[in-house]
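Q: Prediction below, plus the sequence it came from.
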Amino acid sequence: MKIAVVQINIEFGQPDTNFTKVEESIKEAEVNGVDVVVFPEMWNTGYDLKQLETLADKNGERSKALFARLAKEYQVNIVGGSVATKKQNKFYNTMYIANRTGEIISEYDKAHLFKLMDEHLYMDAGQKLNTFELDGTVCGGVICYDLRFPEWIRAHVLKGAKIMFIPAEWPSTRIDHWQLLLQARAIENQCFIVAVNRVGSDPGNDFNGHSMVIAPWGELLISGQSQEGIYYTEINLQEVDKVRSTIPIFQDRRTDLYN
Ligand SMILES: O=C(O)CCC(=O)C(=O)O
């Protein structure tokens, strides 16, 4: 499975500019024969939370239409990072997944809201897991701060996820946490992690990318890039079963002691 990690700068509060950039990225990834294109968190608006009333995507219609059209046209799977949405008078940080036929197969609202950036004052939290199938492989998707909750990632893996997608706007001041937590999540869950962070800055934070693709044994397939760009790698899904049979943690879990 060939993966394109789209590590872009996001223009604060400028959805039109960001929509154009995302469309161009999908076209470029398709030219390179990619199976799955992955975007960062809140790419339509950035963390412009005070302007959500005017900027948030109403019912995600614009984002869903873009993903559906491009996925079908280029026959590529899209893990749409996340976008700010407004649904029934509430705001959410929402991930959409489109498969190659242009069908929106999953919709996930970020479950853990990040108080340090006031997210909980403006947005509502999601209430459900996010698993879906891409080309026959069960995958899961969570967003940014969700990464700090190992039990949340584990819940997706216990539902069969072999790849976890994690889009983010993770500030450079804590990029060491990002790298360590991602690598730990890959090793402890014996799954692939595909994590996409933005670059650039907004009024409150600087972001230095360091998007990562990590194999189930912990090897870094993409890491350390701080420039804007699309980064490519290929993953071999058989590695998941190989690692799980070498060290059978899912057989050895003490479910009589914990869940
Ligand atoms: O947990 C962190 O340090 C960063 C989280 C974050 O920036 C977010 O959830 O948007």
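A: Structure received.
Q: Kindly format the C-alpha coordinates of the longest strand seen in the chain as PDB.
A: In terms of residue count, the longest strand belonging to the chain (DSSP state E) is strand 90-98. Extracted C-alpha coordinates of strand 90-98, given in PDB (Å, rounded to 0.1, in the frame of the first residue of the first chain):
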ATOM      1  CA  LYS A  90     -22.600  22.500  17.400                       C
ATOM      2  CA  PHE A  91     -19.000  22.500  16.200                       C
ATOM      3  CA  TYR A  92     -16.800  19.500  15.800                       C
ATOM      4  CA  ASN A  93     -13.300  18.500  14.700                       C
ATOM      5  CA  THR A  94     -14.300  16.000  12.000                       C
ATOM      6  CA  MET A  95     -12.400  13.400  10.000                       C
ATOM      7  CA  TYR A  96     -13.900  12.100   6.800                       C
ATOM      8  CA  ILE A  97     -12.700   9.000   4.900                       C
ATOM      9  CA  ALA A  98     -13.400   8.500   1.200                       C
END
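Q: so what strands line up beside the very next helix or strand once past that strand?
A: On the C-terminal side of strand 90-98, the nearest following helix or strand under DSSP states H and E is strand 104-109. Here strand 104-109 has these sheet partners by DSSP bridges: strand 90-98 (antiparallel).
Q: moving C-terminal of the worst-scoring helix or strand of the chain on mean pLDDT, what's the next helix or strand?
A: One helix or strand of the chain scores below all others by mean pLDDT, DSSP states H and E: helix 15-31, with a mean of 93. Later in the chain than helix 15-31, the nearest helix or strand by DSSP H and E is strand 36-38.
Q: and that next one, what does it pack onto?
A: Here strand 36-38 touches strand 2-7, helix 15-31, strand 77-79, strand 192-197, going by 3 or more C-beta pairs under 8 Å, 6 or more residues apart in numbering; DSSP states H and E. Every residue, glycine included, has its C-beta placed from N, CA and C.
Q: Recalculate using a threshold of 10 Å.
A: Applying 3 or more C-beta pairs under 10 Å, 6 or more residues apart in numbering; DSSP states H and E, we find strand 36-38 packed against strand 2-7, helix 15-31, helix 61-74, strand 77-79, strand 137-141, strand 163-168, strand 192-197.
Q: Report the distance from it to the chain centre.
A: 9 Å (C-alpha atoms, centre = their mean, to the nearest Å).
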